[in-house]
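Colleague: Could you look at this predicted model? Sequence included:
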Protein chains: 2
Amino acid sequence: MTRTSTLSPVPPADAAAEPTRVAVSTVIFTLRRLPGSETASVALPLVRRTRDPHEGLWALPGGWLDATEGLDAAASRTLAETTGLAPSYLEQLYAFGAVDRSPSRVVSIVYWALIRPDEIADASDENVQWFDAASLPGLAFDHNQIVDYALWRLRNKVGYSRIAHGLLADEFTLAELREVYEAILGRRLDPANFRRQVENSGTLIPTDRFRTGSHRPARLYRYNQDVELADRGPLDRRQ
Amino acid sequence: MTRTSTLSPVPPADAAAEPTRVAVSTVIFTLRRLPGSETASVALPLVRRTRDPHEGLWALPGGWLDATEGLDAAASRTLAETTGLAPSYLEQLYAFGAVDRSPSRVVSIVYWALIRPDEIADASDENVQWFDAASLPGLAFDHNQIVDYALWRLRNKVGYSRIAHGLLADEFTLAELREVYEAILGRRLDPANFRRQVENSGTLIPTDRFRTGSHRPARLYRYNQDVELADRGPLDRRQ
């Protein structure tokens, strides 16, 4: 066996005949409260496909990687072009490349982000709609699987600081933060335990201000800016 | 602005002229003790490039994605072809796609794995060599950056069970496990603190057996099989 690098500058002939193409897609999570509902739920925007394959089905916002842009830039651009959304930070989630995930060979680099409800402009396009993550229709390609994976990462990998920054206003009560966690985890949390965990985490800073209203005044917290929103280590911010 | 999905079945003409190509590369970490050294260090295999670009430089093992294989399969195949190594499990690390990372446009899906020293066959190929991760030469493409990122992930994201399974034999002493951690973190750890953390982690199970020799007998541990080696959530094992 010849053990040399197979990275040659020229692709094999069969690959050139029908090249693998690279797309980017983005999963954007927000929190929304349906009218009359007691609880908030996780929602994401989908785009209706206007051409084959899967014309008419809903899909994650995305598009083709342009030859002159990096992956991060492609994710931001295609998200803005398809939904008008511009989150301050997109994080790479995973590359999906199963052979049969599309009629032609497509590797999709998937990004994700959290966005606050107040960052979302009213959609005036009937081909863009927000869906409850817990009750999605059958999506185009393998996008149901991609959303499942993104939800799993959201539930497992996201710290208090990040959630607070991504989905809440600059200052928030512990009850508001707990509601976010309940929506993501899909279950109720004990308020006393939750308060203890948050206070021990070091990611939130209590302020001197209180939310007043019909209930007992509740202290407002802000997230600790010293804790990285998304630590990518030695990776450059743009690549 | 037209807000419809830009995922059309036909790529734009300029992209077709010089298509973006997809490669896979793999970072394989093991532990080795240099002759006469008191401590172990993290090492990885590199492959000497035998053609341009970067002919003669060392690079991560890898190759082009074949049109008929998934990403995981491509990583396994190209790793075996270039180094003869076949780890039981490869995990996707990150997709690197900066525009200028190669003379032509290449998106590399990078995988990583841990491998035990006894799983490594003697290399008989002068174009494959193991390097100390802490003192790499200048590598081809952006591969130094990729290794830095993989090391950062190794230091930050890896639990006791995973390390034990990936780099140690089935049964090991706490001193052996601590040595692995010291090599990865690049610093000495307090034995008593380390023991306490491991015992609290729930990822290791003490056995009734002891390592005997010139020192005081040391209890052997095994990793807890109930703890997932690499929890990928709802992702299929192969895609």
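Modeller: On my side now, so go ahead.

Colleague: Could you break chain A into its assigned domains?
Modeller: In terms of domains, chain A is parsed into A:18-157, A:160-223 (source: automatic domain parsing).

Colleague: State the mean pLDDT of the longest one.
Modeller: Within the predicted structure, the mean pLDDT of domain A:18-157 is 92.

Colleague: Measure how far it is from the centre of its chain, please.
Modeller: Its chain's C-alpha centre lies 8 Å from the corresponding centre of domain A:18-157 when counted by Cα atoms, centre = their mean, to the nearest Å.

Colleague: Which elements pack onto the biggest strand by length in chain A?
Modeller: Taking DSSP state E as the assignment, the strand of chain A that covers the most residues is strand A:21-33. Secondary-structure packing of strand A:21-33 (3 or more Cβ pairs under 8 Å, 6 or more residues apart in numbering or on different chains; DSSP states H and E): strand A:40-48, strand A:62-64, helix A:71-83, strand A:106-114, helix A:143-157, helix A:160-167, helix A:174-185. The C-beta positions use only the backbone N, C-alpha and C, and glycine is treated the same way.

Colleague: can you put the ones you listed in JSON lines and add mean neighbour count and distance to chain B?
Modeller: Written out in JSON lines, the entries for those read as follows (neighbours: other Cβ atoms under 10 Å in any protein chain shown; distance: least, Cβ to the nearest Cβ, whole Å):
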{"stretch": "strand A:40-48", "mean neighbour count": "22", "distance to chain B": "5"}
{"stretch": "strand A:62-64", "mean neighbour count": "23", "distance to chain B": "3"}
{"stretch": "helix A:71-83", "mean neighbour count": "23", "distance to chain B": "4"}
{"stretch": "strand A:106-114", "mean neighbour count": "25", "distance to chain B": "5"}
{"stretch": "helix A:143-157", "mean neighbour count": "18", "distance to chain B": "3"}
{"stretch": "helix A:160-167", "mean neighbour count": "23", "distance to chain B": "15"}
{"stretch": "helix A:174-185", "mean neighbour count": "18", "distance to chain B": "14"}
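
Colleague: Could I get these in JSON lines, plus columns for distance to residue B:145?
Modeller: Listed next are those as JSON lines, based on distance: least, Cβ to Cβ, whole Å:
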{"stretch": "strand A:40-48", "distance to residue B:145": "31"}
{"stretch": "strand A:62-64", "distance to residue B:145": "25"}
{"stretch": "helix A:71-83", "distance to residue B:145": "14"}
{"stretch": "strand A:106-114", "distance to residue B:145": "17"}
{"stretch": "helix A:143-157", "distance to residue B:145": "23"}
{"stretch": "helix A:160-167", "distance to residue B:145": "24"}
{"stretch": "helix A:174-185", "distance to residue B:145": "33"}
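
Colleague: wait, which of these is closest to residue B:169?
Modeller: Of all the helices and strands packed on strand A:21-33, the one in closest proximity to residue B:169, counting by Cβ to Cβ, is helix A:143-157 (29.5 Å).

Colleague: Give me the contacts around the closest one.
Modeller: Contacting residues not belonging to helix A:143-157 are listed as A:25, A:27, A:29, A:42, A:44, A:58-60, A:93-94, A:96, A:108, A:110, A:112, A:133, A:136, A:138-139, A:184-185, B:231, B:233-236 [Cβ atoms under 8 Å, 6 or more residues apart in numbering or on different chains].

Colleague: now do 7 Å
Modeller: The contact list for helix A:143-157 (Cβ atoms under 7 Å, 6 or more residues apart in numbering or on different chains) reads A:25, A:27, A:29, A:44, A:59-60, A:93-94, A:96, A:110, A:112, A:133, A:136, A:138, A:184-185, B:233-235.

Colleague: Nearest to residue A:199, out of the helices and strands packed on strand A:21-33?
Modeller: For these, distance to residue A:199 was read as Cβ to Cβ. The smallest value, 8.8 Å, belongs to helix A:174-185.

Colleague: now that closest one: mean pLDDT?
Modeller: Averaging the model's pLDDT scores along helix A:174-185 yields 90.

Colleague: helices and strands around that helix, which ones?
Modeller: Using 3 or more Cβ pairs under 7 Å, 6 or more residues apart in numbering or on different chains; DSSP states H and E, the elements in contact with helix A:174-185 are strand A:40-48, helix A:143-157, helix A:160-167, helix A:191-201.

Colleague: and the gap between residue A:136 and residue A:62?
Modeller: In this structure, residue A:136 and residue A:62 are 16 Å apart, going by Cβ to Cβ, to the nearest Å.

Colleague: three-state assignment of residue A:226?
Modeller: At residue A:226, secondary structure determined by DSSP: H, G, I helix; E, B strand; the rest coil is coil.

Colleague: since we're on it, how many residues are nearby?
Modeller: For residue A:226, the neighbour count with other Cβ atoms under 10 Å in any protein chain shown is 9.

Colleague: how far away is it from residue A:27?
Modeller: Counting by Cβ to Cβ - residue A:226 and residue A:27 are separated by 28 Å.

Colleague: Skipping its backbone neighbours, what lies nearest residue A:86 in space?
Modeller: Beyond its immediate neighbours in the sequence, the residue positioned closest to residue A:86 (Cβ to Cβ, 6 or more residues apart in numbering or on different chains) is residue A:80, lying 5.5 Å away.

Colleague: Correct me if wrong: the one you found contacts residue A:74.
Modeller: No. Checked against Cβ atoms under 7 Å, the pair residue A:80 and residue A:74 is beyond contact range at 10.9 Å.

Colleague: OK, contacts around residue A:20?
Modeller: A:105, A:107, B:22, B:65, B:67.

Colleague: Could you measure from the spatially closest residue to residue A:85 that is not a sequence neighbour over to residue A:113?
Modeller: Sequence neighbours aside, residue A:79 is the residue nearest to residue A:85 in space, at 5.6 Å (criterion: Cβ to Cβ, 6+ apart). From residue A:79 across to residue A:113, the span is 8 Å (Cβ to Cβ).

Colleague: With residue A:102 instead?
Modeller: Shown here: residue A:102 relative to residue A:113, a distance of 23 Å by Cβ to Cβ.

Colleague: One more: residue A:149?
Modeller: Counting by Cβ to Cβ, the gap from residue A:149 to residue A:113 is 15 Å.

Colleague: One more: residue A:76?
Modeller: 10 Å.

Colleague: Identify the contacts common to these two.
Modeller: Counting by Cβ under 7 Å, 6+ apart, the residues touching both residue A:76 and residue A:113 are residue A:90.

Colleague: Run through who's touching stretch A:213-221.
Modeller: So stretch A:213-221 is in contact with A:171, A:172, A:173, A:174, A:175, A:204, A:205, A:206, A:207, A:209, A:210, A:211, going by Cβ under 7 Å, 6+ apart.

Colleague: Report pLDDT for the closest residue to residue A:114 other than its chain neighbours.
Modeller: Distances taken as Cβ to Cβ, 6+ apart place residue A:166 nearest to residue A:114, at 2.9 Å, with adjacent residues excluded. With respect to pLDDT, residue A:166 scores 86.
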